[in-house]
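Enquirer: Provided below are the primary sequence and the corresponding predicted coordinates.
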Amino acid sequence: MQRFDGRVVIVTGAGSGIGEATARRFVAEGARVVLTDSVADKIDAVVASLPEERATAVVTDSSDYGQVAVMVQETVQRYGRLDVLVNNAGTITQGTVQDTSVEDWHRVIETDLSGVFYGTKAALEHLLESKGCIVNVSSVSGLAADWRMSAYNAAKGGVSNFTRAVALDHGKDGVRVNAVAPGFIWTVLTSDGEPHRLSDEFAGRIALGRGGLPEEVAAAITFLASDDARFITGVVLPVDGGTMASNGQPAQA
């Protein structure tokens, strides 16, 4: 399919995992994609494996509004337009409130939540012009809470409701805003060199009985960004193998 032929897309946090898979999917469907990450080597390696005329790397710290604004402006100057923004860059910290340092709290909130605001603010004038769309990457952790992840839960919960709010504000302007909420997805961070095998306890929480793949989240993101989803806005779509279908009680024998 070439659903994005002629369109220009920004994907933040595109150096690995969901961001990389999403950038690859957009390129495969005809888009010209700007990949951002705070680590140059990561996005350079991804871009080097893609068609030269379809992918560009721009080193950007998504927690720095100045850098984000410059990246968006460079994108529009290079390609003449912007059609899709995927706010994917994120980080995580674990621990109770007592365990979480103020520095870690700010790092997670600035990257995971403020970064979504920064990208949206910098891109919106161009998306209003193109009648484009935004897809944010939230999490099932933004729909319900986890043990020992209060900072991450706060940030992703903010992303989910920010998505709905911006969808309300700009729907009549022709800009759609949605989010995906991945569950357990196999990435470099989650696999840590181990085979793709979940513990029985973890697998038992997922209706499909397995972890997801970055490409499966990318498929949902590109759907929401496409004209196939032209009457969908303000949605936070779980891509979680059925995790959120449960009320939390254990499976019955």
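Expert: Okay, I see it.
Enquirer: show residues contacting the one helix or strand Ile43 maps to.
Expert: Using DSSP states H and E, Ile43 falls within helix 40-48. Outside helix 40-48, the residues within contact range by C-beta atoms under 8 Å, 6 or more residues apart in numbering are 14-16, 20, 23-24, 35-37, 55-59. Backbone N, C-alpha and C define where each C-beta goes, glycine included.
Enquirer: and the residue lying closest to Pro250 once chain neighbours are set aside, how far is that from Asp64?
Expert: Nearest residue to Pro250 in three dimensions, chain neighbours excluded: Gly204, at 7.4 Å (C-beta to C-beta, 6 or more residues apart in numbering). Gly204 sits 41 Å away from Asp64, going by C-beta to C-beta, to the nearest Å.
Enquirer: between these two, which has more neighbouring residues?
Expert: Between Gly204 and Asp64, counted using other C-beta atoms under 10 Å, Asp64 has the larger neighbour count: 17 against 13.
Enquirer: contacting residues for the nearest residue to that one once chain neighbours are set aside?
Expert: Among residues not flanking Asp64 along the chain, Tyr118 sits closest, at 7.7 Å (C-beta to C-beta, 6+ apart). Counting by C-beta under 8 Å, 6+ apart, Tyr118 makes contact with 62-65, 68-69.
Enquirer: farthest pair within the residues you listed?
Expert: The most widely separated members of those, counting by C-beta to C-beta, are Ser63 and Ala69 (12.9 Å).
Enquirer: those two: which is more packed in?
Expert: Neighbour count, other C-beta under 10 Å: between Ser63 and Ala69, Ser63 has more, with 21 against 16.
Enquirer: that one is in contact with Leu113, isn't it?
Expert: No. Applying C-beta atoms under 8 Å, one finds Ser63 not in contact with Leu113, separated by 9.7 Å.
Enquirer: re earlier: inside helices: which ones of the contacts of helix 40-48?
Expert: Judged by DSSP state H, helices contain the following of these: 20, 23-24.
Enquirer: redo those as TSV? Include pLDDT.
Expert: What follows is those, written out as TSV (pLDDT from 0 to 100):
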residue	pLDDT
Glu20	98
Ala23	98
Arg24	98
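Enquirer: number of nearby residues for the closest residue to Asp5 other than its chain neighbours?
Expert: Leaving aside its sequence neighbours, Asp5 sits nearest to Gly30 (C-beta to C-beta, 6+ apart; 3.6 Å). Applying other C-beta under 10 Å, we find 14 residues neighbouring Gly30.
Enquirer: I'd like to know how far Gly30 sits from Ala145.
Expert: From Gly30 to Ala145 the distance is 39 Å (C-beta to C-beta).
Enquirer: what's near enough to touch Val217?
Expert: Going by C-beta under 8 Å, 6+ apart, Val217 touches 18, 21-22, 137, 180, 182, 185, 239.
Enquirer: which residue in those residues has the weakest pLDDT?
Expert: Checking pLDDT across these, the minimum falls on Ile185 at 94.
Enquirer: what is the burial count for that residue?
Expert: Residues near Ile185, counting by other C-beta under 10 Å, number 22.
Enquirer: 20 is where my numbering starts, stick with that
Expert: All set: I'll call the first residue 20, so the last point we hit is now Ile204.
Enquirer: beta partners of it?
Expert: Counting by DSSP bridges, Ile204 forms beta bridges with Gly231.
Enquirer: and stretch 122-136, how far out from the chain's middle?
Expert: 14 Å (C-alpha atoms, centre = their mean, to the nearest Å).
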